[in-house]
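S.K.: Here is a sequence with its predicted model. Questions after.
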Amino acid sequence: MMWKKLKAYPPLRAGLAALMYAQQGNRRRVQGKHNTIQIETSGTLPFLQQVTFEMGGEHNTIVIAPGVQLRNTQIQIHGSHNRIVIGAGCQIQGGHLWINDDCCRLEIGANTTIAGATIGLADPHAEITIGSDCMLSHDIDIRCGDSHAILDLRTDRRINLARYIHIDDHVWLGMQVRVLKNVRIGHNSVIAAGSIVTKDIPACAIAAGVPAAVKRQDITWSRVKVPMTIPQEELCYGSAL
């Protein structure tokens, strides 16, 4: 209630936000020039607890939108002209967001939830976009870049350059999913636990395996566990103890 009453006083809101930020065990280590961390205070106050920001290089930006909840999360940028945006209402319970090159972009859409993920970029001009209302389980690894070069022996040219990972709106990644460079996962899709995504997955599909392959199409999913109607003849009853 007090926060809403301060809506007409932006400086007071910003000061209160800074005080609350400092009391939650958050840390920032920022070096270089023109590096900024923007914690938006225009709407619902973001909640940050045990969050570490680390920035090196120049002209980097981290944006935390209203209503974001971050806990036990590291956000690191080493390079220049990079941007990380965490959209309104996102919840990250444990994670590591990192960029280790120049001119990269990492954006997470509104109301996406992450139970535990490492999300990183390791090639110049690469981007990772995660849409709105996505649900990421535990021990997720989304990596746009191999961090080392693979070369063609005949031409001496690098052949493993990373450009993008695009995860569309309302995608569910099960625990221990790995998503590798240069792939797109379409909206409403589900990636089964333990899968490794190495190529595009269409919208409204279930994919599973190593590498992940489409197992079923024309589906969607819900955060709510919708009750199922099971025919009487298919019910199984265990013996009494």
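M.R.: Thanks, I have it.
S.K.: Backbone dihedrals for the residue nearest the centre of the chain, please?
M.R.: Residue closest to the average C-alpha location in the chain (CA atoms, centre = their mean): Ile108, at 5.2 Å. Main-chain torsions, Ile108, degrees, to the nearest 10: phi -120, psi 130.
S.K.: Could you give the bridge partners of it?
M.R.: Ile86, Ile130 (DSSP bridges).
S.K.: Number the chain from 56, please
M.R.: Okay, using 56 as the starting number, the last item reads as Ile163.
S.K.: Just want to check the distance between it and Gly134.
M.R.: The gap separating Ile163 from Gly134 is 19 Å, by CB to CB, to the nearest Å. To be clear about C-beta, it is placed using only N, CA and C from the backbone, and glycine gets the same treatment.
S.K.: now swap in Ile274 and tell me
M.R.: Using CB to CB, which is the criterion applied here, Ile274 is 39 Å from Gly134.
S.K.: who's more crowded, those two?
M.R.: When neighbours are counted by other CB atoms under 10 Å, Ile274 and Gly134 differ, and Gly134 comes out ahead with 21 against 13.
S.K.: Could you pull out the buried residues of stretch 179-192?
M.R.: 179, 181-192 (16 or more other CB atoms under 10 Å).
S.K.: Can I get those residues in a markdown table including pLDDT and distance to Gly171?
M.R.: Listed next are those as a markdown table, based on pLDDT from 0 to 100; distance: CB to CB, whole Å:
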| residue | pLDDT | distance to Gly171 |
| --- | --- | --- |
| Pro179 | 96 | 28 |
| Ala181 | 98 | 23 |
| Glu182 | 98 | 22 |
| Ile183 | 98 | 17 |
| Thr184 | 98 | 20 |
| Ile185 | 98 | 14 |
| Gly186 | 98 | 19 |
| Ser187 | 98 | 20 |
| Asp188 | 98 | 18 |
| Cys189 | 98 | 14 |
| Met190 | 98 | 12 |
| Leu191 | 98 | 8 |
| Ser192 | 97 | 8 |
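S.K.: Which one of those is nearest to Thr173?
M.R.: Leu191 (10.7 Å; CB to CB).
S.K.: Kindly state the beta-bridge partners for that closest one.
M.R.: Beta-bridge pairing of Leu191 under DSSP bridges involves Ile169, Leu228.
S.K.: List the contacts of it.
M.R.: Each residue near Leu191 by CB atoms under 8 Å, 6 or more residues apart in numbering is listed here: 167-170, 172, 185, 228, 232.
S.K.: And these, which of them are buried?
M.R.: Applying 16+ other CB under 10 Å to those, the neighbour count classes 167-170, 172, 185, 228, 232 as buried.
S.K.: Just give me the closest of these to Gln148.
M.R.: Nearest to Gln148 among the buried ones among the contacts of Leu191, with distances taken as CB to CB, is Ala170, at 5.2 Å.
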